[in-house]
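Could you work out the structure for the sequence below:
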Amino acid sequence: MNSISADRPALTVDNVVKKYGSTTAVNGLSLSVAAGEIFCLLGPNGAGKSTTIEMSEGFIHPTSGTIDVLGLDPSSAPDKVREKVGIMLQGGGSYSGIRVLEMLELSASYSAHPLSPHWLLETLGLEGVARTPYRRLSGGQQQRLSLALAIIGRPELVFLDEPTAGMDAQSRLAVWDLVRALRHDGVTIVLTTHLMDEAESLADRVAIMDHGELVAHGTPAELTAQSDSAGLSFSTDIDVDVEALAEAGIRATKSRPLHYRLTQAGTPETIATLTAELARQGVLLRRLDAAHRNLEEVFLDLTGRHLRS
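Modelled structure (predicted):
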(Lines give C-alpha, C1' and ligand atoms only; values in the text may rest on other atoms or scores of the structure.)
Protein backbone atom coordinates (compact mmCIF):
# COMPACT_ATOMS: atom_id res chain seq x y z
CA MET A 1 0.00 0.00 0.00
CA ASN A 2 1.99 2.95 -1.28
CA SER A 3 -0.59 5.39 -2.61
CA ILE A 4 -3.50 7.54 -1.49
CA SER A 5 -5.70 10.01 -3.32
CA ALA A 6 -7.50 13.26 -2.62
CA ASP A 7 -9.74 15.57 -4.61
CA ARG A 8 -8.38 18.86 -5.94
CA PRO A 9 -4.78 18.14 -4.98
CA ALA A 10 -2.55 20.99 -3.87
CA LEU A 11 0.31 18.50 -3.62
CA THR A 12 0.79 15.31 -5.60
CA VAL A 13 3.63 12.84 -5.10
CA ASP A 14 3.67 10.15 -7.80
CA ASN A 15 5.80 7.00 -7.43
CA VAL A 16 8.71 8.97 -5.97
CA VAL A 17 12.02 7.34 -5.13
CA LYS A 18 14.93 9.08 -3.43
CA LYS A 19 18.26 7.31 -3.06
CA TYR A 20 21.48 8.38 -1.36
CA GLY A 21 24.04 6.00 -2.75
CA SER A 22 22.92 2.51 -1.75
CA THR A 23 20.39 3.86 0.77
CA THR A 24 16.77 4.30 -0.33
CA ALA A 25 15.20 7.07 1.76
CA VAL A 26 11.87 7.11 -0.11
CA ASN A 27 10.68 4.06 -2.00
CA GLY A 28 7.88 4.41 -4.58
CA LEU A 29 5.79 6.85 -2.57
CA SER A 30 2.52 8.18 -3.99
CA LEU A 31 0.15 10.52 -2.18
CA SER A 32 -1.96 13.59 -2.78
CA VAL A 33 -3.12 16.41 -0.54
CA ALA A 34 -6.42 18.14 -1.24
CA ALA A 35 -6.59 21.91 -1.35
CA GLY A 36 -7.67 23.36 1.97
CA GLU A 37 -7.02 20.35 4.16
CA ILE A 38 -4.65 19.72 7.05
CA PHE A 39 -2.55 16.72 6.07
CA CYS A 40 -0.24 15.15 8.63
CA LEU A 41 2.75 13.03 7.63
CA LEU A 42 3.93 10.76 10.44
CA GLY A 43 6.82 8.37 10.76
CA PRO A 44 9.64 7.36 13.09
CA ASN A 45 13.14 8.75 12.62
CA GLY A 46 14.49 7.68 9.25
CA ALA A 47 11.06 6.87 7.80
CA GLY A 48 11.52 9.28 4.89
CA LYS A 49 9.02 11.95 5.83
CA SER A 50 11.53 14.82 6.06
CA THR A 51 13.03 13.79 2.73
CA THR A 52 9.55 13.79 1.20
CA ILE A 53 8.85 17.28 2.51
CA GLU A 54 12.22 18.62 1.33
CA MET A 55 11.60 17.24 -2.16
CA SER A 56 8.17 18.88 -2.18
CA GLU A 57 9.75 22.19 -1.17
CA GLY A 58 12.31 21.94 -3.97
CA PHE A 59 15.38 21.72 -1.75
CA ILE A 60 16.34 18.26 -3.02
CA HIS A 61 15.38 16.35 -6.16
CA PRO A 62 13.81 12.89 -6.38
CA THR A 63 15.82 10.11 -7.98
CA SER A 64 12.72 9.15 -9.94
CA GLY A 65 9.01 9.90 -9.94
CA THR A 66 7.27 13.27 -10.06
CA ILE A 67 6.02 15.87 -7.58
CA ASP A 68 3.46 18.59 -8.34
CA VAL A 69 3.01 21.52 -5.97
CA LEU A 70 0.18 23.91 -6.88
CA GLY A 71 0.67 23.02 -10.54
CA LEU A 72 4.45 23.45 -10.44
CA ASP A 73 7.38 21.05 -10.45
CA PRO A 74 9.60 21.83 -7.44
CA SER A 75 12.59 20.17 -9.13
CA SER A 76 12.55 22.42 -12.22
CA ALA A 77 10.95 25.54 -10.72
CA PRO A 78 11.87 25.65 -7.01
CA ASP A 79 11.84 29.45 -6.81
CA LYS A 80 8.34 29.66 -8.28
CA VAL A 81 7.13 27.01 -5.86
CA ARG A 82 8.58 28.86 -2.88
CA GLU A 83 6.84 32.06 -4.01
CA LYS A 84 3.51 30.30 -3.44
CA VAL A 85 4.23 28.25 -0.33
CA GLY A 86 5.23 28.94 3.24
CA ILE A 87 7.95 26.88 4.86
CA MET A 88 8.50 26.56 8.59
CA LEU A 89 12.12 25.57 9.12
CA GLN A 90 13.26 23.64 12.21
CA GLY A 91 16.38 25.81 12.44
CA GLY A 92 14.25 28.93 12.76
CA GLY A 93 15.21 30.63 9.49
CA SER A 94 16.20 33.97 11.05
CA TYR A 95 19.44 35.93 11.36
CA SER A 96 20.82 35.68 14.89
CA GLY A 97 21.17 39.43 15.42
CA ILE A 98 17.92 40.68 13.90
CA ARG A 99 15.05 41.63 16.19
CA VAL A 100 11.72 39.82 16.04
CA LEU A 101 9.59 42.69 14.70
CA GLU A 102 12.30 43.71 12.24
CA MET A 103 12.39 40.18 10.83
CA LEU A 104 8.62 40.09 10.40
CA GLU A 105 8.56 43.51 8.76
CA LEU A 106 11.37 42.49 6.41
CA SER A 107 9.53 39.33 5.40
CA ALA A 108 6.29 41.26 4.95
CA SER A 109 8.02 43.65 2.56
CA TYR A 110 8.49 40.81 0.05
CA SER A 111 4.74 40.15 -0.21
CA ALA A 112 2.05 42.17 -1.95
CA HIS A 113 -0.61 41.45 0.69
CA PRO A 114 1.11 40.25 3.87
CA LEU A 115 -0.47 39.52 7.19
CA SER A 116 0.07 42.24 9.79
CA PRO A 117 3.34 41.70 11.70
CA HIS A 118 1.73 43.17 14.82
CA TRP A 119 -1.26 40.82 14.52
CA LEU A 120 1.10 37.86 14.28
CA LEU A 121 3.03 39.07 17.31
CA GLU A 122 -0.20 39.26 19.30
CA THR A 123 -1.62 35.97 18.02
CA LEU A 124 1.54 34.00 18.74
CA GLY A 125 2.36 35.65 22.05
CA LEU A 126 5.49 37.41 20.84
CA GLU A 127 4.58 41.00 21.72
CA GLY A 128 6.84 40.98 24.77
CA VAL A 129 9.89 40.03 22.67
CA ALA A 130 9.18 42.17 19.62
CA ARG A 131 12.47 44.04 20.03
CA THR A 132 14.49 41.08 21.25
CA PRO A 133 17.28 39.70 19.00
CA TYR A 134 16.57 36.25 17.62
CA ARG A 135 19.54 34.67 19.41
CA ARG A 136 18.05 35.61 22.80
CA LEU A 137 14.72 33.91 22.19
CA SER A 138 13.82 30.65 23.89
CA GLY A 139 13.37 27.56 21.76
CA GLY A 140 9.59 27.88 21.88
CA GLN A 141 9.73 31.56 20.94
CA GLN A 142 11.97 30.76 17.99
CA GLN A 143 9.45 28.17 16.86
CA ARG A 144 6.58 30.66 17.05
CA LEU A 145 8.58 33.21 15.09
CA SER A 146 9.39 30.58 12.47
CA LEU A 147 5.68 29.85 12.11
CA ALA A 148 4.91 33.57 11.75
CA LEU A 149 7.54 33.89 9.01
CA ALA A 150 6.07 30.89 7.19
CA ILE A 151 2.59 32.38 6.93
CA ILE A 152 3.15 36.14 6.81
CA GLY A 153 3.04 36.18 2.99
CA ARG A 154 -0.42 34.53 2.86
CA PRO A 155 0.77 31.35 1.10
CA GLU A 156 -1.61 28.91 -0.56
CA LEU A 157 0.21 25.94 0.96
CA VAL A 158 2.23 25.78 4.18
CA PHE A 159 4.76 23.14 5.19
CA LEU A 160 5.07 22.93 8.98
CA ASP A 161 7.92 20.83 10.36
CA GLU A 162 7.32 19.99 14.04
CA PRO A 163 5.42 23.27 14.54
CA THR A 164 5.07 23.00 18.34
CA ALA A 165 8.43 21.43 19.23
CA GLY A 166 9.79 22.99 22.42
CA MET A 167 6.59 24.88 23.23
CA ASP A 168 4.69 24.98 26.49
CA ALA A 169 1.03 23.94 26.68
CA GLN A 170 -0.33 27.46 26.21
CA SER A 171 1.83 28.08 23.14
CA ARG A 172 0.81 24.76 21.63
CA LEU A 173 -2.88 25.64 21.94
CA ALA A 174 -2.28 29.05 20.35
CA VAL A 175 -0.50 27.42 17.41
CA TRP A 176 -3.27 24.84 17.02
CA ASP A 177 -5.86 27.62 16.91
CA LEU A 178 -3.84 29.47 14.26
CA VAL A 179 -3.44 26.33 12.15
CA ARG A 180 -7.20 25.75 12.27
CA ALA A 181 -7.81 29.40 11.32
CA LEU A 182 -5.51 29.00 8.30
CA ARG A 183 -7.45 25.95 7.20
CA HIS A 184 -10.71 27.88 7.62
CA ASP A 185 -9.29 30.50 5.24
CA GLY A 186 -8.60 27.84 2.62
CA VAL A 187 -4.87 27.37 3.20
CA THR A 188 -3.54 23.86 2.64
CA ILE A 189 -1.32 22.66 5.47
CA VAL A 190 1.15 19.79 5.39
CA LEU A 191 2.69 19.11 8.78
CA THR A 192 5.03 16.62 10.34
CA THR A 193 5.00 15.96 14.05
CA HIS A 194 6.07 13.40 16.62
CA LEU A 195 3.11 14.39 18.83
CA MET A 196 0.28 11.97 18.15
CA ASP A 197 -2.29 14.04 20.02
CA GLU A 198 -1.39 16.97 17.78
CA ALA A 199 -1.96 14.91 14.64
CA GLU A 200 -5.18 13.46 16.00
CA SER A 201 -6.49 16.89 16.99
CA LEU A 202 -5.53 18.85 13.86
CA ALA A 203 -5.37 16.56 10.84
CA ASP A 204 -8.15 15.97 8.34
CA ARG A 205 -6.08 13.04 7.04
CA VAL A 206 -2.97 11.25 8.22
CA ALA A 207 -0.34 9.27 6.33
CA ILE A 208 2.12 7.06 8.20
CA MET A 209 5.48 6.27 6.59
CA ASP A 210 8.07 3.69 7.58
CA HIS A 211 11.26 2.65 5.78
CA GLY A 212 10.48 5.06 2.95
CA GLU A 213 7.04 3.61 2.20
CA LEU A 214 3.45 4.44 3.02
CA VAL A 215 2.11 1.94 5.57
CA ALA A 216 -1.26 3.49 6.48
CA HIS A 217 -3.49 6.42 5.58
CA GLY A 218 -6.91 7.82 6.35
CA THR A 219 -8.66 10.14 8.74
CA PRO A 220 -7.66 9.82 12.40
CA ALA A 221 -11.06 8.22 13.08
CA GLU A 222 -10.55 5.67 10.31
CA LEU A 223 -7.07 4.74 11.47
CA THR A 224 -8.08 4.30 15.09
CA ALA A 225 -11.13 2.19 14.23
CA GLN A 226 -9.43 -0.37 11.97
CA SER A 227 -9.12 -3.15 14.51
CA ASP A 228 -11.42 -5.44 16.42
CA SER A 229 -8.98 -5.26 19.32
CA ALA A 230 -9.53 -1.54 19.45
CA GLY A 231 -9.70 -0.74 22.85
CA LEU A 232 -9.60 -3.33 25.52
CA SER A 233 -6.74 -2.37 27.82
CA PHE A 234 -6.05 -2.91 31.48
CA SER A 235 -3.63 -2.00 34.24
CA THR A 236 -2.50 -4.03 37.24
CA ASP A 237 -0.70 -3.68 40.56
CA ILE A 238 2.16 -6.04 39.61
CA ASP A 239 3.54 -7.52 36.41
CA VAL A 240 1.40 -10.03 34.54
CA ASP A 241 2.67 -13.32 33.14
CA VAL A 242 1.66 -12.69 29.52
CA GLU A 243 2.65 -16.21 28.44
CA ALA A 244 0.30 -17.68 31.03
CA LEU A 245 -2.43 -15.37 29.75
CA ALA A 246 -1.86 -16.75 26.25
CA GLU A 247 -2.15 -20.33 27.53
CA ALA A 248 -5.51 -19.33 29.00
CA GLY A 249 -6.60 -18.00 25.61
CA ILE A 250 -5.95 -14.30 26.20
CA ARG A 251 -3.61 -12.54 23.75
CA ALA A 252 -2.19 -9.37 25.25
CA THR A 253 0.85 -7.15 24.88
CA LYS A 254 2.55 -4.92 27.41
CA SER A 255 2.21 -1.28 26.32
CA ARG A 256 4.15 0.20 29.25
CA PRO A 257 4.94 -0.86 32.82
CA LEU A 258 1.85 -2.42 34.44
CA HIS A 259 -0.31 -1.54 31.42
CA TYR A 260 -1.49 -4.06 28.82
CA ARG A 261 -3.62 -4.18 25.70
CA LEU A 262 -5.56 -7.10 24.27
CA THR A 263 -4.82 -8.07 20.68
CA GLN A 264 -8.15 -9.85 20.23
CA ALA A 265 -11.82 -8.92 20.38
CA GLY A 266 -12.99 -7.86 23.82
CA THR A 267 -16.03 -10.11 24.29
CA PRO A 268 -17.74 -10.78 27.65
CA GLU A 269 -16.19 -14.27 27.59
CA THR A 270 -12.72 -12.75 27.04
CA ILE A 271 -13.17 -10.41 30.01
CA ALA A 272 -14.34 -13.26 32.24
CA THR A 273 -11.34 -15.40 31.27
CA LEU A 274 -8.95 -12.46 31.76
CA THR A 275 -10.18 -11.68 35.28
CA ALA A 276 -10.08 -15.34 36.25
CA GLU A 277 -6.50 -15.76 35.03
CA LEU A 278 -5.34 -12.58 36.75
CA ALA A 279 -6.90 -13.84 40.00
CA ARG A 280 -5.08 -17.15 39.57
CA GLN A 281 -1.80 -15.23 39.19
CA GLY A 282 -2.56 -13.15 42.28
CA VAL A 283 -2.68 -9.95 40.24
CA LEU A 284 -5.04 -7.13 41.15
CA LEU A 285 -6.86 -5.63 38.18
CA ARG A 286 -6.71 -1.89 38.82
CA ARG A 287 -8.41 -0.66 35.67
CA LEU A 288 -10.15 -2.07 32.60
CA ASP A 289 -10.89 0.22 29.68
CA ALA A 290 -12.93 -0.50 26.59
CA ALA A 291 -12.32 2.28 24.07
CA HIS A 292 -10.95 2.76 20.59
CA ARG A 293 -7.20 2.84 20.19
CA ASN A 294 -5.63 6.26 19.96
CA LEU A 295 -3.38 7.30 17.10
CA GLU A 296 -0.22 6.66 19.12
CA GLU A 297 -1.16 3.00 19.59
CA VAL A 298 -1.88 2.65 15.87
CA PHE A 299 1.45 4.29 15.04
CA LEU A 300 3.40 1.99 17.37
CA ASP A 301 1.63 -1.10 16.07
CA LEU A 302 2.57 -0.18 12.50
CA THR A 303 6.14 1.05 13.01
CA GLY A 304 7.26 -0.95 16.05
CA ARG A 305 8.27 0.02 19.55
CA HIS A 306 12.05 -0.16 19.20
CA LEU A 307 14.12 3.02 19.21
CA ARG A 308 15.39 4.46 15.93
CA SER A 309 18.70 6.28 15.57
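
which ones are touching the nearest residue to Ser64 once chain neighbours are set aside?
Among residues not flanking Ser64 along the chain, Val17 sits closest, at 4.6 Å (Cβ to Cβ, 6 or more residues apart in numbering). For every residue, glycine as well, the C-beta is placed using N, CA and C. Going by Cβ atoms under 8 Å, 6 or more residues apart in numbering, Val17 touches 24, 26-29, 62-65.

how far is the host helix or strand of Val17 from where the chain is centred?
Val17 is part of strand 9-20, with elements assigned from DSSP states H and E. In terms of Cα atoms, centre = their mean, to the nearest Å, the centre of strand 9-20 is set 18 Å apart from its chain centre.

One more: stretch 43-54?
11 Å.

now do stretch 260-279
The answer for stretch 260-279 is 33 Å, by Cα atoms, centre = their mean.

Show me which positions of that stretch end up buried.
260-262, 266, 270-271, 274, 277-278 (16 or more other Cβ atoms under 10 Å).

Over to stretch 294-309?
Here stretch 294-309 shows 294-299, 301-303 as buried, counting by 16+ other Cβ under 10 Å.

how close does the residue nearest to Ser64 get to Ser30?
Per Cβ to Cβ, to the nearest Å, Val17 is found 11 Å from Ser30.

Now do the shared contacts for the two.
Common neighbours of Val17 and Ser30, using Cβ under 8 Å, 6+ apart, are Gly65.

are any of the contacts of Val17 buried, and which?
24, 26-29, 62, 65.

Can you list the strands that the strand holding Val17 pairs with?
strand 23-34 (antiparallel), strand 64-69 (antiparallel) (DSSP bridges).

chain center to stretch 125-144: distance?
That offset, for stretch 125-144, works out to 24 Å (Cα atoms, centre = their mean).

Bridged to Ala34, which residues?
Under DSSP bridges, the beta-bridge partners of Ala34 are Pro9.

right, and it touches Pro9 too?
Yes. With contact defined as Cβ atoms under 8 Å, Ala34 counts as touching Pro9 (6.1 Å).

Which one of the two is surrounded by more residues?
For Ala34 versus Pro9, the count of surrounding residues by other Cβ atoms under 10 Å is larger for Pro9: 19 against 16.

Quick one, grab the pLDDT at that one.
Predicted confidence (pLDDT) for Pro9: 94.

Would you agree it is in contact with Ser32?
Yes. With contact defined as Cβ under 8 Å, Pro9 reaches Ser32; the gap is 4.0 Å.

Would you list the phi and psi of the residue lying closest to Lys49 once chain neighbours are set aside?
Computed as Cβ to Cβ, 6+ apart, the closest residue to Lys49 that is not its neighbour in sequence is Gly43, at 4.3 Å. Taking degrees, to the nearest 10, you get phi 170, psi 150 for the backbone angles of Gly43.

for this protein, what are the low-confidence residue spans?
Filtered on pLDDT under 70, the chain yields the residue ranges 1-7, 90-94, 226-231, 291-292, 308-309.

ok, and the closest non-adjacent residue to Leu262?
Sequence neighbours aside, Leu232 is the residue nearest to Leu262 in space, at 4.2 Å (criterion: Cβ to Cβ, 6+ apart).

what separates the one you found from Leu274, distance-wise?
Per Cβ to Cβ, Leu232 is found 9 Å from Leu274.

what do those two both touch?
Leu262.

Now, the buried residues of stretch 294-309 that are in helices?
Among these, the ones falling in helices (DSSP state H) are 295-299, 301-303.

residue contacts, the residue nearest to Leu262?
261-262, 266, 270-271, 288-290.

Check Leu195 too.
So Leu195 contacts Thr164 (Cβ under 8 Å, 6+ apart).
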